[in-house]
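# here is the input, now give the coordinates:
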Amino acid sequence: MVISFKSIVREIKEMKGGICGVSKKGSDLKHLHRQSHIVPEASTVLVDEVRWADLPPELLFDIIRRVEASETSWPARRNAIACASVCRSWRELTKEIVKTPEQCGLLTFPISLKQPGSRDAPIQCFIRRERETSTYRLYLGLSPALSGNSTKMLLAAKKIRKTTKTEFLISLNGDDFSRSSTNFVGKLRSNFLGTKFTMYETATETNFLLHRRIHMKRVATIAYELNVLRTRGPRRMHCIMNSIPMSAIEEGGTAPTPMDFTNCSDRPFSPSSDSNVKKSSFRFSSPCSAEPMESSRNVRGPLVLKNKAPRWHEQLQCWCLNFKGRVTVASVKNFQLVAAAEPGQNVPAAEQEKVILQFGKIGKDIFTVDYCYPLSAFQAFAICLSSFDTKPVCE
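Numbering: from 1, shown residues only. Below you'll find the model as predicted:
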């Protein structure tokens with residue numbers, strides 16, 4: 001009896017629906033299954049009994065590989081997720097076949113949002129701002145008009161104003177911003193003036209008793225230069241990426257790539273980076289002075305990003321940057337970030353000119369976000385959120 005490839009995929013989808021239906025009996029997991037890409041491990045206890053779990057490894061590998069290769073955009077990309085939802089063996093093999101965004105330029109599993117973007121071409125997204133609810137949603141796609149049904153919501157943020165600071169709570173679910181929720185992935189916190197922002201991500205630690213503890217880990221600092229007299233033109237900003245070494249953009253360098261959310265608790269690459277950044281994060285005269293380079297070659301500072309300086313257009317009487325058609329509305333929020341490398345560092349000239357993140361306005365409450373290696377979607381989204389906060393002393 002010959003089973004067609006389409007029938008296999010169809011049965012996988014139906015099986016995924018049945019799995020989710022069983023798992024929804026637990027009230028604590030009901031909300032999670034509605035939004036997560038992958039069914040949690042706890043829901044696969046009774047699923048290993050299904051008939052597809054006993055397929056020969058070679059046939060199983062070929063099925064999943066063909067499904068993954070044939071679906072390169074959302075919502076069809078859900079078929080690859082369906083394969084990971086069948087049972088534990090399917091899940092492990094799917095995770096092995098599906099490549100990271102750095103390798104394939106595609107976002108598949110939730111952990112893809114914490115992994116570096118593509119080296120070859122930027123991953124194109126857009127942000128939709130909802131003023132009434134102070135909510136910001138990051139979608140995968142060129143724009144709302146061009147993406148249509150192929151768009152996919154990646155992350156959402158809720159802006160909360162407090163007396164001395166502003167916080168953006170970032171979640172996988174646009175309706176759940178609880179810090180205790182499994183959808184909560186991090187936050188962005190500003191100082192009183194809105195000139196300095198600290199990026200945090202959730203990290204999980206497991207002790208020898210297998211007790212899990214969730215805490216917040218600082219991964220980046222974003223600082224805007226003061227411009228009280230408004231004589232220096234557009235905003236100037238620097239981003240100190242504590243979790244990414246400068247060596248990541250050097251020849252042969254690699255950026256940290258977590259493979260699951262429990263691995264996001266790894267300590268920063270340099271134990272002294274936080275203290276050095278804390279003392280000198282406002283020194284704008286030398287972009288890389290925020291992290292002094294040690295005399296030892298084995299010690300590397302964090303990656304430092306700076307906004308690309310715009311040029312003054314005499315005919316238009318405004319500051320201009322080449323966004324390659326991705327930005328159409330002039331705004332003080334628009335920016336491009338490049339690496340701020342010192343001459344002594346082994347960073348190619350092409351990497352120093354390469355735009356790692358660009359953000360700009362294309363319509364009312366619609367902004368494009370294009371990011372690439374070594375930033376992740378979560379880091380790019382948090383940096384862009386800092387541009388939405390009011391900065392009366394930086395304009």
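# now do the contacts for Glu71.
Arg77, Arg78, Asn79, Ala80 (C-beta atoms under 8 Å, 6 or more residues apart in numbering). The C-beta positions use only the backbone N, C-alpha and C, and glycine is treated the same way.
# which strand of this protein spans the most residues?
strand 212-224 (DSSP state E).
# tell me what it is packed against?
Judged by 3 or more C-beta pairs under 8 Å, 6 or more residues apart in numbering; DSSP states H and E, the packing partners of strand 212-224 are strand 184-190, strand 196-206, strand 237-245, helix 377-386.
# want to throw the ones you listed into a markdown table with mean neighbour count, mean pLDDT and distance to Leu60?
What follows is these, written out as a markdown table (neighbours: other C-beta atoms under 10 Å; pLDDT from 0 to 100; distance: least, C-beta to C-beta, whole Å):
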| stretch | mean neighbour count | mean pLDDT | distance to Leu60 |
| --- | --- | --- | --- |
| strand 184-190 | 22 | 94 | 31 |
| strand 196-206 | 19 | 85 | 30 |
| strand 237-245 | 25 | 93 | 35 |
| helix 377-386 | 26 | 96 | 30 |
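# the spatially closest residue to Pro374 that is not a sequence neighbour: what's it in contact with?
Excluding its sequence neighbours, the residue lying closest to Pro374 (C-beta to C-beta, 6 or more residues apart in numbering) is Ala255, at 3.6 Å. Counting by C-beta under 8 Å, 6+ apart, Ala255 makes contact with Glu102, Pro116, Ile244, Pro245, Ala248, Tyr373, Pro374.
# tell me if Ala255 really is in a strand.
No: secondary structure of Ala255 (DSSP: H, G, I helix; E, B strand; the rest coil): coil, not part of a strand.
# what does stretch 318-334 rub up against?
Contacts of stretch 318-334 (C-beta under 8 Å, 6+ apart): 124, 233-235, 308, 310-313, 335-336, 358-363, 367-368, 370, 387-388, 395.
# should've said stretch 166-174
For stretch 166-174, the external contacting residues (C-beta under 8 Å, 6+ apart) are 31, 35-36, 110, 113, 135-137, 153, 155-160, 177, 179, 181, 183-190, 194, 378, 381-382, 385, 389.
# so which residues of this protein form helices?
5-23, 30-35, 57-70, 78-84, 88-97, 101-104, 144-147, 273-280, 349-353, 377-386 (DSSP state H).
# pLDDT score for Arg267?
For Arg267, the pLDDT comes out at 45.
# stretch 360-377: which residues count as buried?
Within stretch 360-377, the residues scored as buried using 16 or more other C-beta atoms under 10 Å are 360-362, 366-377.
# just the C-alphas of it, formatted as CSV.
Only the C-alpha atoms of stretch 360-377 are listed here, as CSV (Å, rounded to 0.1, in the frame of the first residue of the first chain):
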residue,chain,number,x,y,z
GLY,A,360,11.9,53.6,10.1
LYS,A,361,8.4,54.9,9.6
ILE,A,362,6.3,54.0,6.6
GLY,A,363,2.8,55.1,7.7
LYS,A,364,0.7,56.0,10.7
ASP,A,365,1.8,53.7,13.5
ILE,A,366,3.6,51.4,11.1
PHE,A,367,7.4,51.0,11.2
THR,A,368,9.7,48.6,9.4
VAL,A,369,12.4,46.7,11.2
ASP,A,370,15.2,45.0,9.2
TYR,A,371,17.9,43.1,11.2
CYS,A,372,20.7,40.7,10.5
TYR,A,373,23.5,38.8,12.2
PRO,A,374,24.6,39.1,15.0
LEU,A,375,21.4,40.5,16.4
SER,A,376,18.3,38.4,17.2
ALA,A,377,14.7,39.4,16.7
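# distance between that stretch and the chain's centre?
Offset of stretch 360-377 from its chain centre (C-alpha atoms, centre = their mean, to the nearest Å): 11 Å.
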